[in-house]
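>>> sequence-free structure coming up:
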C-alpha cells in the first residue's frame, strides 16, 4: 500500500473506544459486517493517539467524556484544518441530558447523542451519515487544494508573464535606441533632399509607434498590478483632449479621416493626471482611426452634467458585434484580427484606457449598433470646482547645458549614435563599450555625468556604478542608468547600486536635458524616467 492510499484509509475510518474487550468484539463485528472500516481502542489515550493519525468519525461512550478527556478531544479537534468538522457520536445514558453530554455538545462541535440502549439499525445509520458528511468535507478539502494549486499556477504564470514582458521590453528597446537617435541625427543634419526628408518622416512615425507599443505593453502590466499612481491636480479636460488630438493626429491624417469636435467654451476642471488622461483619449482616437475605413469620420464631444463630465469619441467605422461589447476592454482582445481594415496592434490600448479611467474615479463604456455601424466610447469623470493648471506645451528640445558625459554601452551602435546626438547638442562626450573600459577612462576624462547601460557582459552596470561610488574623487558625478529594463524592481536596483536616475531606452532627449541641467526633474512617465535620489 502506498503512502497516499494509507493516508486515505486512515482519514476514512471510524475510531471507537469501548470499555471492555467484549464490547470491542461486538462493535467491531457489527461495523465491519456493514463494510465500515473501524479502529477500536480500549482506552481514551489509545483513541486520542489514533485520532492524531487520522480518522473520519469518533464513537465513544459518555462515561469516557470526563472533563480532562473532553479537553484533550476538543484540543485535537481545534488543531484540525479549517475544512474539518469532525463528527463525534456519543453513546449517552438514558435521558441524554447529563452534564457530560451537555459539555460534549458545547465543546466538541459536531456532536450526535445516541441514547442507550441504541438499536443496531440506528447506530449503523448514524455512523453511515457521519461518514457521508466526512466524505463531503474531504471533497471540499480536495476542491480547496485544487483551487490553491490553480491559484499558485496562475501566480507563477503571471510572474513569468511579467518577467517575459520585462525581457521583451529590454530586448526591443536596445535596437530601438540607436534607431531613434540615428534618425534624430538624420533629421537635424540639414539634408535638403525632399526624398530623404519624406523617408525620415515615415521612419519617425513608425519608430514612435514602435516605442509607444513597447511602453504600452509594459505599462499595462504595471497598471493591472496596481503599481501606477496618478498625480492628481485640477486640469482643463478640454486642453487635455486637444493634446491627445495632437498625439493621434498622424494616425488620423494618414487614414484621411475627418475629425469634428464639439467642446464647451469654458474650462472644465477634473482632478487628474494630465499625461495619463491625454493617454486615455489618444488611445481612443487612435483606436477610432484604426478601425474606421479610409476617409471616415471621427467625432469628439464634451458634455457636462451637474458634477460630472462625459467625453464621447465616436466613429463611423467597422463597429463592434454585440457579443464582443463586454470583452473589448480585456487585455490582448481584438474584435476581429482577420478584418483587413484593422491595422494590427497588441490589443492592450483599451485595457489601458479602462485602468487609467478607473484610477481617476471614472468609468468608460462602449456602444455600437453592430458590424458596420461604428462605435462610441464614453468616458465619464467627476468634475472639481477649482481653477485648472495649464498644460505644458510641446516644444523642441532646448539647448543642453555644457557637460562632459561618458556613454557606456556594450551595444556599439547605441553608444555611438547617442554620443553623436549629444555632441550635436554641444556636449563633450566619450564612449566606452564595457564596464572595465569605462572605469579606465574615468580619471582622464573626468565626466560630469555617466550614462551607463545595465545589461553588459562580464561587468554589468550595477557593478560599475558601485565601483564608481566607491571612488571618493567621483562622489559628485551624476550616474544615470540608461537601460531597456524598466520595471519597478529595476528602478530599486538602480537606487541600491548608487544611480541618481533611471532612464529607459530610447532616451527622451528633453528628459535627459532636464536631468543634466537640474540633476532631478519630476517624471511625466514612470516608464521613461524614474528619479533615484542617491545624493
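In hand now; what should we look at? Note that the structure is a prediction, hence the values are computed from the model and not measured.
>>> all contacts plus neighbour counts: C-alpha atoms, from now on.
Fine.
>>> And for residue 364, the neighbour number?
By other C-alpha atoms under 10 Å, 20 other residues sit near residue 364.
>>> For residue 402, which residues are in contact?
Residues in contact with residue 402, defined by C-alpha atoms under 8 Å, 6 or more residues apart in numbering, are 426-428.
>>> Give me the distance between the two termini of stretch 255-270.
32 Å (C-alpha to C-alpha, to the nearest Å).
>>> which residues of the stretch 1-150 of the chain score low on pLDDT?
When residues are selected by pLDDT under 70, those of the stretch 1-150 of the chain lie in 1, 95-96.
>>> Would you state the helices of it in chain order?
Along the stretch 1-150 of the chain, the stretches classed as helices by DSSP state H, counting those that start in this stretch are 3-10, 21-33, 44-53, 67-78, 99-108, 120-187.
>>> Show me how far the last one is from its chain's centre.
Think helix 120-187. Counting by C-alpha atoms, centre = their mean, to the nearest Å, helix 120-187 is centred 13 Å from the centre of its parent chain.
>>> Who are the packing partners of that helix?
With contacts taken as 3 or more C-alpha pairs under 8 Å, 6 or more residues apart in numbering; DSSP states H and E, helix 120-187 sits against strand 57-61, helix 194-224, helix 412-424.
>>> so it versus strand 57-61, what angle?
Between helix 120-187 and strand 57-61, the angle comes out at 150 degrees (axes from the mean of the first three to the mean of the last three C-alpha atoms, to 10 degrees).
>>> got it, and the second one?
Using the same axes, to 10 degrees, the inter-axis angle of helix 21-33 relative to strand 57-61 is 150 degrees.
>>> Which elements pack onto helix 21-33?
By 3+ C-alpha pairs under 8 Å, 6+ apart, helix 21-33 packs against strand 38-41.
>>> about what we covered before: quick one: the helices of the stretch 1-150 of the chain as JSON lines, columns for distance to residue 233 and mean neighbour count too.
Output for those, formatted as JSON lines (distance: least, C-alpha to C-alpha, whole Å; neighbours: other C-alpha atoms under 10 Å):
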{"stretch": "helix 3-10", "distance to residue 233": "61", "mean neighbour count": "12"}
{"stretch": "helix 21-33", "distance to residue 233": "75", "mean neighbour count": "14"}
{"stretch": "helix 44-53", "distance to residue 233": "62", "mean neighbour count": "16"}
{"stretch": "helix 67-78", "distance to residue 233": "53", "mean neighbour count": "15"}
{"stretch": "helix 99-108", "distance to residue 233": "58", "mean neighbour count": "16"}
{"stretch": "helix 120-187", "distance to residue 233": "31", "mean neighbour count": "16"}
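>>> Let me have the ones you listed in CSV, adding distance to residue 372 as columns.
Converted to CSV, the helices of the stretch 1-150 of the chain look like this (distance: least, C-alpha to C-alpha, whole Å):
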stretch, distance to residue 372
helix 3-10, 60
helix 21-33, 72
helix 44-53, 68
helix 67-78, 64
helix 99-108, 67
helix 120-187, 35
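>>> Which among these is found nearest to residue 419?
Distance to residue 419, taken as C-alpha to C-alpha, is lowest for helix 120-187 among the helices of the stretch 1-150 of the chain, at 9.2 Å.
>>> Mind checking which of the contacts of residue 402 are buried?
427-428 (16 or more other C-alpha atoms under 10 Å).
>>> With adjacent residues omitted, what lies nearest to residue 362?
Excluding the flanking residues, the one nearest residue 362 by C-alpha to C-alpha, 6 or more residues apart in numbering is residue 381, at 4.5 Å.
>>> what about the host helix or strand of that neighbour, average pLDDT?
For residue 381, the host element (DSSP states H and E) is strand 375-382. For strand 375-382, the mean per-residue pLDDT is 96.
>>> start at 54 instead
Sure thing, new numbering starts at 54, so read that last one as strand 428-435.
>>> next helix or strand past that strand?
Following strand 428-435 in sequence order, the next helix or strand is strand 457-461 (DSSP H and E).
>>> Just to be sure, which of the contacts of residue 455 are found in strands?
residue 481 (DSSP state E).
>>> Now do the buried residues in stretch 512-532.
Buried-residue list, stretch 512-532, by 16+ other C-alpha under 10 Å: 513-515, 517-518, 521-522, 527, 530-532.
>>> Pipe the residues you listed into CSV and attach pLDDT, secondary structure and distance to residue 189 per row.
Shown next, in CSV, are these (pLDDT from 0 to 100; DSSP: H, G, I helix; E, B strand; the rest coil; distance: C-alpha to C-alpha, whole Å):
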residue, pLDDT, secondary structure, distance to residue 189
513, 93, coil, 57
514, 94, helix, 58
515, 95, helix, 56
517, 96, helix, 61
518, 95, helix, 60
521, 95, helix, 65
522, 94, helix, 63
527, 92, helix, 70
530, 94, coil, 68
531, 95, strand, 65
532, 95, strand, 62
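>>> Kind regards, and thank you for your time.
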